[in-house]
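> Quick check, what structure comes out for this input:
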Amino acid sequence: MKNQVQLITYVDRLSGGGFKELNDLLRGPLGEVFGGAHLLPFFTPIDGTDAGFDPIDHSQVDSRLGTWEDVRTLSGAVEIIADLIVNHVSSSCPQFIDFSKKGSASKYAGMFLTMDTVFPKGAKESDILSIYRPRPTLPFTPVTLLSGERKLLWTTFNPTQVDINVRNPKAEAYLDSILKKFQDSGIKAIRLDAVGYAIKKPRTSCFMIPETFEFIAELTEKARKLGIEVLVEIHSYYKRQIEIARRVDWVYDFALPPLVLHALFEKDPYPLAKWLEISPRNAVTVLDTHDGIGVIDVGADSNGDPGLLAPAQIDNLVETIHKRSNGQSKQATGAAANNLDLYQVNCTFLDALGGSETEYLIARALQFFAPGIPQVYYIGLLGGRNDMELLVRSSVGRDINRHYYKPTEIKDALTRPMVQKQIELIKLRNSHPAFGGEVSIEVPTNHEIDITWTLEKEWIKLHVDLSLPSASIIGTSETGELNMVFSD
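This next block holds a predicted model:
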C-alpha cells in the first residue's frame, strides 16, 4: 500500500451514481487527494439485508454501479481495496438455493455450515456458551429447506447471511475465483471481512483460534501470488491485536477512535499516548467507518485483564457521545435500532464531538500522525452529520452514518472551510517525507501530547493542547515555514 491517506466509501453513496461518477470525482474535485480507496461491497446486490455484505453473487459488480471494466478504469486513478467476504454468503445465492432444493444430495451441501457440521456428536451447553459472539444472539438459524430437510444453519451475523465451510472444496474454489477476478480488475489489496469467525471448531471460541491463523496465512499466500495485499478486519483485546498484527500484512487500529474521543472529552492524553507507543506499525488507522464507533477494542479481555480504558471510562465515553449528539446516537444504538453489535455506538464522528469542527480537525490530525496508513470515511471527508431521516426509514442503526449524497451536496460540502482544511491536512500527510521515518510520542503535561516524525533531516511535529483544545503542526518544508494551527 502507498503510505498515503485512503478513502473509505460506498460507490453510490458518495458519487451519486456509479463507478463512472466516482471516477470523475476522484480525478476531478478530489484529484490527487487520496492514494487509495477502500470501496465497500459493490457486488450483486448492494442493497441486501446488510448493505452489500451479504452477496448473492460476489463475482459480479452490481449492474446499477457499472462493470468490472469500470473497476479497472478507476484503479488507474487510485489503488483499490475491495472486500473479500470470506465468512458467509446470502441465502439467496445460487449455491444455497441448490442446497435448499436438493438438500444433502446437492453438490453444494458441504459448502454451508450447520450445527451438526461442527458438532457431529452434539454439543453441550458449555460448548455453545464458549462460542465468541459479536452479538448477544446464538449463531444458529433453524430452517426447513425446500427439500423438506430441517437444518440449524450457522449464521454468525444475520439469518440471511449463511456461514460457509471455507475448508470445503466448493467454498475454496468460490473464494479462489473471486481473488482471480480481483486481480484481473486491478485491485491491489483486499480486506478480509469478518475473517476472525471463518473457522469453527468444537470446544473452542470459534474466533481467531490457531486454525484461523492458518487459514489467513494460506489465503494471504494465494493473494500475494496474485499481487494483492491483505488487510485483516478484527475487533479484539488490544494485546491480542498486537499479536495478530505480527502474523498478517495489515490490521486495523480500531482502538484509536475511542482513545482519541476519550482524550478530547476528558483532556487526558495518557491512554492514547500509551497505545501509540505500542500500537502495530502495520496498521490501517480510522476514526469513522461504515460501522459504528467500536469501544470493545479498548476494554478488558474475557479473563479480566485490564484494557486501555477502565470500565468507568468506557461508560463515560459512550454516555458523552450520546450527550454530545443530543441523544441521536442513542436512537441508533442497541436493539431498538436493529443493531445488536456489542458496545458499538452508531454516530458520525463529527456529531460524536457535538459538531465541534476544531475538535474534529484535531482528531483527524491525531489520526494522521498515529503510526499506520490513514483511511477517511466519505461521511467524515465531507463533514457529514447524522442522517436521522435515513435511520427512521430503515430502522438500521448504522444507517445514521451512511448518507446518500447528491452531486449538489458533494459540491457544497467541498466548499466548507473545515472540509478544505481537512483536505489540506490530507495532502500534508501524503507529501511530507518524515512520515516515512520514525515516530516518537511525548506527554509534556497532563493535558498535552506531542507526536513527532523524523526521517534524516526531515521532521514534522503535532502538538495538541487538550485543555483549550488546540493543535499546531510545525516542521521542515520545501516551500518555506510549515505552521498549521487548529483552534477556536
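
> you'd agree residue 330 is up against residue 324?
No. Applying Cβ atoms under 8 Å, one finds residue 330 not in contact with residue 324, separated by 11.2 Å. C-beta here means a position set from N, CA and C on the backbone, and glycine is covered the same way.

> who's in contact with residue 156?
87-88, 134, 139, 163, 194, 197 (Cβ atoms under 8 Å, 6 or more residues apart in numbering).

> Let me have these in a markdown table, extended by pLDDT and neighbour count.
Below are the contacts of residue 156 laid out as a markdown table (pLDDT from 0 to 100; neighbours: other Cβ atoms under 10 Å):
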| residue | pLDDT | neighbour count |
| --- | --- | --- |
| 87 | 95 | 22 |
| 88 | 95 | 27 |
| 134 | 75 | 18 |
| 139 | 93 | 23 |
| 163 | 97 | 26 |
| 194 | 88 | 21 |
| 197 | 94 | 25 |
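
> wouldn't residue 386 be in contact with residue 347 here?
Yes. Between residue 386 and residue 347 there is a contact at 6.4 Å, judged by Cβ under 8 Å.

> what touches both of these two?
Counting by Cβ under 8 Å, 6+ apart, the residues touching both residue 386 and residue 347 are 325, 328-329, 332, 400-401.

> Closest one of those to residue 281?
If you rank these by distance to residue 281 using Cβ to Cβ, residue 401 comes first, at 28.2 Å.

> List the contacts of the closest one.
Counting by Cβ under 8 Å, 6+ apart, residue 401 has contacts 288, 290, 292, 346-348, 377, 379, 384, 386-387.

> Now, those that are in strands?
residue 377 (DSSP state E).

> Relative to residue 84, how far out is the nearest residue to residue 250 once chain neighbours are set aside?
Distance criterion Cβ to Cβ, 6 or more residues apart in numbering; nearest residue to residue 250, sequence neighbours excluded, is residue 231 at 4.2 Å. To residue 84, residue 231 is 10 Å away according to Cβ to Cβ, to the nearest Å.

> for residue 416, same thing?
35 Å.

> Now the residue lying farthest from the centre of the chain. Nearest residue, chain neighbours left out?
Distance to the chain centre peaks in the chain at residue 148, reaching 38.9 Å (criterion: Cα atoms, centre = their mean). Once flanking residues are discounted, residue 148 sits nearest to residue 103: 7.3 Å by Cβ to Cβ, 6+ apart.

> for residue 308, same thing?
Closest to residue 308 by Cβ to Cβ, 6+ apart is residue 298, at 4.2 Å.

> Between residue 231 and residue 84, which is the more surrounded one?
Remark: of residue 231 and residue 84, residue 231 carries more neighbours, 25 against 20, as counted by other Cβ atoms under 10 Å.

> Contacts for the helix or strand harbouring the more buried one next, please.
Using DSSP states H and E, residue 231 maps to strand 229-232. Under the contact criterion Cβ under 8 Å, 6+ apart, strand 229-232 has outside partners 1, 81, 188-192, 195-196, 216, 219-220, 223-224, 244, 248-252, 284.

> let's see 10 Å
1, 38, 79, 81, 83-84, 187-193, 195-196, 208, 212, 216-217, 219-224, 241, 244-245, 247-252, 282-284, 373, 375 (Cβ atoms under 10 Å, 6 or more residues apart in numbering).

> Skip ahead from that strand and say which helix or strand is next.
Downstream of strand 229-232 (by DSSP H and E), the next one is helix 238-245.

> per-residue confidence averaged over that next one?
When pLDDT is averaged along helix 238-245, the result is 91.

> Which elements pack onto that helix?
The helices and strands touching helix 238-245, judged by 3 or more Cβ pairs under 10 Å, 6 or more residues apart in numbering; DSSP states H and E, are helix 210-225, strand 229-232, strand 250-253, helix 270-278, strand 283-285.

> Restrict that helix to CA atoms and write it as PDB.
Only the C-alpha atoms of helix 238-245 are listed here, as PDB (Å, rounded to 0.1, in the frame of the first residue of the first chain):
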ATOM      1  CA  TYR A 238      -5.500  -4.800  22.400                       C
ATOM      2  CA  LYS A 239      -2.800  -7.200  23.300                       C
ATOM      3  CA  ARG A 240      -4.300  -9.800  21.000                       C
ATOM      4  CA  GLN A 241      -4.500  -7.300  18.200                       C
ATOM      5  CA  ILE A 242      -0.800  -6.700  18.600                       C
ATOM      6  CA  GLU A 243      -0.100 -10.400  18.400                       C
ATOM      7  CA  ILE A 244      -2.400 -10.700  15.300                       C
ATOM      8  CA  ALA A 245      -0.500  -7.900  13.600                       C
END
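
> any idea of the angle that helix forms with helix 270-278?
20 degrees (axes from the mean of the first three to the mean of the last three Cα atoms, to 10 degrees).

> in helix 238-245, what's buried?
By 16 or more other Cβ atoms under 10 Å, the buried positions in helix 238-245 come out as 238, 241, 244-245.

> And the contacts of it?
Under Cβ under 10 Å, 6+ apart, the answer for helix 238-245 is 196, 208, 212-213, 216, 232, 234-237, 251-255, 259, 274-275, 278-283, 297-301, 305-309.

> how about low-confidence regions in the protein?
Where the chain drops to pLDDT under 70, the residues are 334-343.

> so what are the domain limits for it?
Domain ranges of the chain: 6-85+168-436, 94-163, 439-487, per automatic domain parsing.
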